[in-house]
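A.B. asks: only the shape, not the letters, is given here:
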């Protein structure tokens with residue numbers, strides 16, 4: 001049984017995937033098994049893996065080649081299901097983006113932290129961007145209606161040091177101090193296998209974005225905690241292309257709506273419900289608005 005099963009989802013990121021795997025070859029002190037799930041890439045990613053990494057590399061790398069791009073949750077679940085189906089799975093599993101680079105001792109530090117906190121179901125490292133700044137997504141609060149509203153109307157950016165308005169990305173916290181948080185980001189998320197088994201794997205209703213928050217909430221509901229741990233630092237070459245992509249922007253707000261519908265709408269007063277969904281529709285644009293309000297009509301009809 002290995003210490004760690006590490007899942008890397010890839011979609012048309014051949015060159016950064018190569019650099020990620022090369023960084024993992026320098027890992028020290030961890031018995032780790034790497035599974036790369038390729039979501040039907042068209043850039044030769046799978047061919048590169050077969051030529052350069054499958055076989056006698058350390059850590060061992062295995063490829064799962066999906067015949068479709070089913071999204072972040074779908075792709076990662078292909079590997080998570082395999083790990084969890086084993087009689088003796090690794091004691092921890094980790095989701096890692098292909099556009100990351102991992103220092104030699106980072107995985108060992110994260111596992112040691114997990115072992116030292118019996119209540120920890122999730123551990124996330126300090127993620128830094130190419131310019132050395134913190135990737136704000138690496139420590140977050142759950143997007144409750146109130147927290148989401150502060151983000152949508154800009155109060156979280158205007159008052160980042162406020163414990164009230166700065167909760168979305170916890171910008172009032174010292175980035176070099178360990179903290180118990182609601183969630184870390186799926187770009188680098190260490191999961192205790194027992195916690196994942198209890199909560200279930202990623203929800204494939206999310207195509208991209210939101211599935212990590214949903215998983216963290218379900219794990220917390222099972223009695224586990226999530227920690228931001230800056231004792232391990234990972235470089236995140238966050239892709240600018242996806243942030244400029246119209247589809248990615250729509251999926252971001254669709255994920256926000258799915259999360260709200262799943263976890264908060266039933267207990268939200270009707271006036272705040274309209275404000276939240278109207279704000280998501282406004283941000284998501286015309287492509288998303290009909291879906292949000294059509295779902296409301298269907299839900300209303302089902303209740304009557």
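C.D. replies: That came through fine. Bear in mind that the values here come from a model prediction, so they are computed numbers and not experimental data. Numbering: from 1, shown residues only.
A.B. asks: how is this structure carved up into domains?
C.D. replies: The chain breaks down into these domains under automatic domain parsing: 4-140+182-236, 244-303.
A.B. asks: quick one, what contacts the spatially most central residue of the chain?
C.D. replies: The central residue of the chain, meaning the one whose C-alpha is nearest the mean C-alpha position (C-alpha atoms, centre = their mean), is residue 186 at 1.7 Å. Each residue near residue 186 by C-beta atoms under 8 Å, 6 or more residues apart in numbering is listed here: 72, 76, 95, 97, 211-212, 215. Where you see a C-beta, it was placed from the backbone N, CA and C, and this is true even at glycine.
A.B. asks: sort out for me which of those residues are in helices.
C.D. replies: 72, 76, 211-212, 215 (DSSP state H).
A.B. asks: for those residues, which one is nearest residue 22?
C.D. replies: Nearest to residue 22 among those is residue 76, at 21.6 Å by C-beta to C-beta.
A.B. asks: if I look at that closest one, how far off is residue 238?
C.D. replies: In this structure, residue 76 lies at 18 Å from residue 238, with C-beta to C-beta, to the nearest Å as the measure.
A.B. asks: what comes up buried for the top helix by length along the chain?
C.D. replies: The residue-count maximum for a helix in the chain (DSSP H) belongs to helix 246-263. Along helix 246-263, the positions that meet the burial threshold by neighbour count (16 or more other C-beta atoms under 10 Å) are 249-261, 263.
A.B. asks: need those in a markdown table with distance to residue 153, can you?
C.D. replies: Conversion of the buried residues of helix 246-263 to a markdown table gives the following (distance: C-beta to C-beta, whole Å):
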| residue | distance to residue 153 |
| --- | --- |
| 249 | 18 |
| 250 | 20 |
| 251 | 22 |
| 252 | 17 |
| 253 | 15 |
| 254 | 20 |
| 255 | 19 |
| 256 | 14 |
| 257 | 17 |
| 258 | 21 |
| 259 | 18 |
| 260 | 16 |
| 261 | 21 |
| 263 | 21 |
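A.B. asks: for residue 52, state which of the residues you listed is nearest.
C.D. replies: Relative to residue 52, the closest of the buried residues of helix 246-263 is residue 251; by C-beta to C-beta it sits at 31.0 Å.
A.B. asks: for that closest one, give me its contacts.
C.D. replies: Contacts here follow C-beta under 8 Å, 6+ apart; on that basis residue 251 touches 207-209.
A.B. asks: please apply the same query to residue 176.
C.D. replies: Each residue near residue 176 by C-beta under 8 Å, 6+ apart is listed here: 126, 230.
A.B. asks: for the one 4 residues further on, same thing?
C.D. replies: Applying C-beta under 8 Å, 6+ apart, one finds that residue 180 lies in contact with 225-228.
A.B. asks: report how many residues lie close to residue 151.
C.D. replies: The local packing of residue 151 (other C-beta atoms under 10 Å) involves 19 other residues.
A.B. asks: how much space is there between the residue nearest to it when sequence neighbours are not counted and residue 219?
C.D. replies: Here the nearest residue to residue 151 in space, its sequence neighbours aside, is residue 168; by C-beta to C-beta, 6 or more residues apart in numbering that works out to 4.6 Å. Here the criterion is C-beta to C-beta. By it, residue 168 lies 20 Å from residue 219.
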